[in-house]
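J.: Give me the fold of what follows.
(one chain, ligands or ions: 1)
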Amino acid sequence: MDISKVIIPAAGLGTRFLPYTKAVPKEMLPLLNKPAIQYIAQEALASDIQQFLMVTSKGKNAIADYFDADPALELFLKERNKTALLNELDKIARTAHFSYIRQPEPLGLGHAICMARHAIASKEYFGVMLPDDIIVGATPALLQLIRIARQERASVIAVQEVPEEYISMYGVVSIKKQFTPNLFQVANLVEKPNKKDAPSNLAIIGRYVLSQKLFKALDEVGYNQDHGEIQLTDGITQMSKDGEKVLAYKVQGNRFDVGTPIGWIKALISLASQDPYYAPHIREFLMDFNTTTSFVYNSTKNLTPTL
Ligand code: UTP
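T.: All right, here's what the predicted structure looks like:
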């Protein structure tokens with residue numbers, strides 16, 4: 001099974017991050033010195049995917065600009081022996097092919113994915129990565145799904161267990177059959193169920209490998225009556241009803257929802273605490289941090305250098 005493309009829907013309004021998202025796409029939020037979208041691009045490349053179908057909308061041009069080459073900046077850095085600062089971006093520019101596709105109106109995640117259907121061939125399987133979900137672990141999350149999709153010749157959805165008090169915030173998987181501790185066959189998906197109605201504790205997180213049959217299924221389900229949007233979960237449920245094998249796989253890795261300020265702050269602290277350069281500074285700062293006096297001027301602490 002050849003999987004060479006990933007659709008990255010990045011056309012949402014980002015209302016949970018207002019007012020910041022009024023002017024800057026949430027995909028450009030910094031996580032250490034890189035924007036969130038770069039973690040997505042690097043995960044895709046590490047999963048051996050090189051064709052990126054980026055679905056964007058009004059006000060999101062900063063994403064395309066960011067991945068463009070910048071010869072003047074490169075020359076400036078070369079003259080100062082600082083080209084290493086752009087090494088990771090350079091690798092992305094050399095290996096990835098970006099196509100930018102517009103979603104003219106925010107009519108839902110399913111609708112955003114449909115904007116890229118012309119780029120997917122009949123019988124092709126493709127990845128979907130939601131840039132809000134940053135997943136950090138030993139094996140790239142998308143690669144974990146691709147391996148299962150190839151082995152089982154099936155569509156695969158990433159899931160993680162969530163405590164029952166949070167289940168109503170997620171799309172949740174209803175299980176038809178369990179194959180291994182981490183692999184399940186999906187009966188259907190339920191969007192944001194009440195705690196008592198949740199069919200499992202397996203929440204869908206933003207990585208998928210899907211069959212091209214999804215597009216026909218999305219046509220069949222159309223706009224959801226409650227929200228007026230085309231929902232991906234409805235489409236996947238329909239695809240499963242139409243006979244496509246849909247699996248759920250518990251991906252290994254720490255997942256952060258950087259589409260909300262709290263999730264973003266947690267991601268930032270976690271990434272900084274694990275980075276050899278930032279970790280000593282952050283640990284020292286947090287150990288010393290006193291919530292009651294942190295805004296009180298302290299001449300010694302104010303001298304701690306930030307590099
Ligand atoms: P969200 O549900 O997080 O919506 O979308 P959002 O608009 O981005 O953010 P909030 O809820 O208003 O804060 C999940 C993913 O689907 C994409 C988003 O960009 C995000 O990656 N999406 C959503 C679209 O591309 N188009 C849409 O119409 C809706």
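J.: Strands of the stretch 201-307 of the chain, start to end?
T.: 202-211, 246-250, 254-257 (DSSP state E, counting those that start in this stretch).
J.: Which one, of those, ends up nearest to the ligand?
T.: strand 202-211 (7.1 Å; CB to the nearest ligand atom). C-betas here are computed from N, CA, C, even on glycine.
J.: returning to that earlier point: most neighbours per residue, which of the strands of the stretch 201-307 of the chain?
T.: By mean neighbour count, with neighbours taken as mean count of other CB atoms under 10 Å, strand 202-211 ranks first of the strands of the stretch 201-307 of the chain at a mean of 25.
J.: quick one: it to strand 246-250, angle?
T.: Per axes from the mean of the first three to the mean of the last three CA atoms, to 10 degrees, the angle that strand 202-211 makes with strand 246-250 is 130 degrees.
J.: Phi and psi next, for Ile7.
T.: As for Ile7, its main-chain torsions (degrees, to the nearest 10) stand at phi -90, psi 130.
J.: And the pLDDT at it?
T.: pLDDT recorded at Ile7 is 98.
J.: That one: neighbour count?
T.: Counted with other CB atoms under 10 Å, the neighbours of Ile7 add up to 27.
J.: Cys114 is in contact with that one, correct?
T.: No: Ile7 is beyond contact range of Cys114, at 9.7 Å (criterion: CB atoms under 8 Å).
J.: returning to that earlier point: same list (the strands of the stretch 201-307 of the chain) but as JSON lines, adding mean pLDDT.
T.: Below are the strands of the stretch 201-307 of the chain laid out as JSON lines (pLDDT from 0 to 100):
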{"stretch": "strand 202-211", "mean pLDDT": "98"}
{"stretch": "strand 246-250", "mean pLDDT": "98"}
{"stretch": "strand 254-257", "mean pLDDT": "96"}
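J.: Can you add distance to the ligand and give these back as CSV?
T.: Output for the strands of the stretch 201-307 of the chain, formatted as CSV (distance: least, CB to the nearest ligand atom, whole Å):
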stretch, distance to the ligand
strand 202-211, 7
strand 246-250, 18
strand 254-257, 8
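J.: for those, which one sits closest to Gln185?
T.: In terms of CB to CB, the element of the strands of the stretch 201-307 of the chain nearest to Gln185 is strand 246-250, at 5.9 Å.
J.: Summarise which helices and strands that closest one is packed against.
T.: helix 141-152, strand 155-161, strand 183-191, strand 202-211, helix 232-241 (3 or more CB pairs under 8 Å, 6 or more residues apart in numbering; DSSP states H and E).
J.: Hmm, Pro9 and Thr130 touching each other?
T.: Rather than Thr, residue 130 is Leu. Yes: here Leu130 reaches Pro9: they are 6.5 Å apart, a contact under CB under 8 Å.
J.: quick one: which of those two has more around it?
T.: Pro9 (28 against 23).
J.: was I right about that one contacting Asp132?
T.: No: between Pro9 and Asp132 there is no contact under CB under 8 Å: 9.7 Å.
J.: so who does Lys216 touch?
T.: Residues in contact with Lys216, defined by CB atoms under 8 Å, 6 or more residues apart in numbering, are Asp242.
J.: For it, give its distance to the ligand.
T.: Noted for Lys216: a distance of 20 Å to the ligand, by CB to the nearest ligand atom, to the nearest Å.
J.: same thing with Tyr166?
T.: Distance from Tyr166 to the ligand, counting by CB to the nearest ligand atom: 16 Å.
J.: Output the below-cut-off pLDDT ranges for the chain.
T.: Scanning the chain with the threshold set as pLDDT under 70 gives 291-295, 299-307.
J.: Show me what residue of it gets nearest to the ligand.
T.: For the chain, CB to the nearest ligand atom, closest residue to the ligand: Gly12, 2.1 Å.
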